[in-house]
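**Student:** sequence first, then the predicted structure, then my questions.
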Amino acid sequence: MGLRESFEHEIDKANTLEELARLKTKIKRSKLSEKDKRYLISVLIGRKMKELGTEEEIYLAEVNEVLRTLPVDDTFREILRSYFTRFAREKYVLKILRKERLPTIEDFIEWVSNRLKRGGKVKVEDLDISFLKPDHIAEFLHEMYPSESTRYNKKSLILSFGEYLEKSGYISRFPEPFIKKPEKRRTPTGEEEFEGTPRKPSELKRIFEALSIPTSGLAAWKVEMYVLFAKTLLQTGLRYSHLLRVWRVNDLAETVVEVEDVVFGGKFYRIPARMLLARERKKRGERITEFKQPADFVFISEDLYDALLDYARRRGLEPDDYLFSEPERNVQGRARTIANMSGVRDFTFYDFRATFASALFNILGYTDRAKEVVRRRGGWGTHSAIPFKHYVELMTVDDAITIVKTYRIFIEPEYADDVKMVLEGKKPKVEPEEVEELKAKIEAREEEIRRLMEKYESLKKWVEEIKKYIETFKR
């Protein structure tokens, strides 16, 4: 039996999260290829962990395993335990803690032990500037992360951990290395570029043709899934992270409202995107913040709605199953494949969101009122920088009309007159009072969301206190 098969057997036999967490450590330190390690850890162990416990329970098991194996003294171990289970748990989203913060700090402390302590145990005072120097952290970042943007992000993460140690009085000062901030890409108009690039109809045609072509190693049902996924992103303007593992099959039956497009005709379905994302984050134990939220409601065409239900039926999906459950790294890999196949070399799935915004902005007459509509439909906050001038210069009105009609982007009835004027070659008139009224509505909605988030966090703390009281009473 080979090493990989041996680990697969051990994973199959494991019955607790603790056993699986220990197996993760063994696999990481084994001589397996990186590809086999990723498969065993991300697919097999990840899948089984979800069967055995909640996201919170998995996180705690992983924290305990990291603390068991880290080369630190007992005092520093307890400081780390408090940081990961109390301070960081209350401050950061669970997904970020598991995927980013916990493994990065683990790697950093192990590096300090191996490189600066010659394999010895690390004490909390070893992270003070009297011992640890800025050049040491810079060396760690350059050694571990080849990407400039990743190094910069990891530096921020490590510095926030050092700030916690400082403010808690464990060290006097944490060193700050100089890591060059990645240069932001610029648009042809000189504005900062937003995620994704608005695509022309000819580019979209090539992208969707490439998405529909079966490729080696990709099941036929996945080819269909990615086509539906792309169409949903283009019609809704959603970030793909707000669609993956969020929409469930029964959401299409239980939460939708039927509406009509009075400009181009056809039936659409309104879906409460923000509510669905909040539900999933709550189930996973993740914090709900007001940043990077989807719109309250998004719209999909009747054709796409029927295609999604038909796909779910043929796939044998249960009502509570996710429509799109691909890991984000698979989506990114698929994007690279499509970029090569279509000849649109810089294609990413964020392009559908940018195209949605650009097409909607142009077909509404690229007015101040159109800006506020795009901001609301795309889930952007009132202070988010959206490069509208960039969107206008990269898409003509004719292209916008073609995209909206071909790919079925919904036009709300209250803005039908603006679109009709654009179709006639005229620019809609907008009174300043109308724009201010729209902005006021969006700001009021954001304030309402902030209040709801505060209530949610307060209620969550109250529930935790009740649980602790019940545990104490049981003892």
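**Tutor:** Everything's here; your move.
**Student:** going forward, measure contacts between C-alpha atoms and count neighbours the same way
**Tutor:** OK.
**Student:** quick check: mean pLDDT across the strand or helix carrying Trp462?
**Tutor:** Trp462 is part of helix 432-474, with elements assigned from DSSP states H and E. The pLDDT scores in helix 432-474 average 64.
**Student:** okay, now the unreliable bits of the stretch 201-350 of the chain?
**Tutor:** Counting by pLDDT under 70, the stretch 201-350 of the chain contains low-confidence residues at 286-291.
**Student:** which residues of it fall in helices?
**Tutor:** When assigned using DSSP state H, counting those that start in this stretch, the helices of the stretch 201-350 of the chain occupy the ranges 201-211, 220-236, 251-254, 273-283, 302-315, 328-342, 350-363.
**Student:** of the ones you listed, which is nearest Glu163?
**Tutor:** The closest of the helices of the stretch 201-350 of the chain to Glu163 is helix 273-283. By C-alpha to C-alpha, the value is 27.6 Å.
**Student:** and that closest one, what's buried?
**Tutor:** Burial within helix 273-283, assessed by neighbour count using 16 or more other C-alpha atoms under 10 Å, is assigned to 273-274, 276-278, 280-281.
**Student:** got it, and stretch 219-230?
**Tutor:** Applying a neighbour-count criterion of 16+ other C-alpha under 10 Å, the buried positions in stretch 219-230 are 223-230.
**Student:** same question, stretch 21-36
**Tutor:** Neighbour-count burial for stretch 21-36 flags 21-24, 27-28 (criterion: 16+ other C-alpha under 10 Å).
**Student:** of these, the lowest pLDDT goes to which?
**Tutor:** Minimum pLDDT for the buried residues of stretch 21-36 is recorded at Lys28 (84).
**Student:** hang on, that one packs against Tyr39?
**Tutor:** No: taking C-alpha atoms under 8 Å as the contact criterion, Lys28 and Tyr39 are not neighbours in contact, 11.5 Å apart.
**Student:** could you chop this protein up by domain?
**Tutor:** Using automatic domain parsing, the domains assigned to the chain come out as 54-167, 201-423.
**Student:** contacting residues for the residue most central in space within the chain?
**Tutor:** With distances taken as C-alpha atoms, centre = their mean, the residue of the chain nearest its centroid is Ser241 (4.0 Å). Neighbour list for Ser241: Glu328 [criterion: C-alpha atoms under 8 Å, 6 or more residues apart in numbering].
**Student:** now do it against Phe352, distance only.
**Tutor:** 13 Å (C-alpha to C-alpha, to the nearest Å).
**Student:** run a quick neighbour tally on Asp135.
**Tutor:** Look at Asp135: counted by other C-alpha atoms under 10 Å, it has 13 neighbours.
**Student:** what comes up buried for the helix or strand hosting it?
**Tutor:** Remark: Asp135 resides in helix 134-144, with elements defined by DSSP H and E. Within helix 134-144, the residues that qualify as buried are 136-138, 140-141, counting by 16+ other C-alpha under 10 Å.
**Student:** and what of stretch 7-22?
**Tutor:** When burial is assessed from 16+ other C-alpha under 10 Å, stretch 7-22 yields the following buried residues: 7, 11, 14, 17-22.
**Student:** quick check: Val122 touching Ile109?
**Tutor:** Yes: contact status for Val122 versus Ile109: in contact at 7.3 Å, counting by C-alpha under 8 Å.
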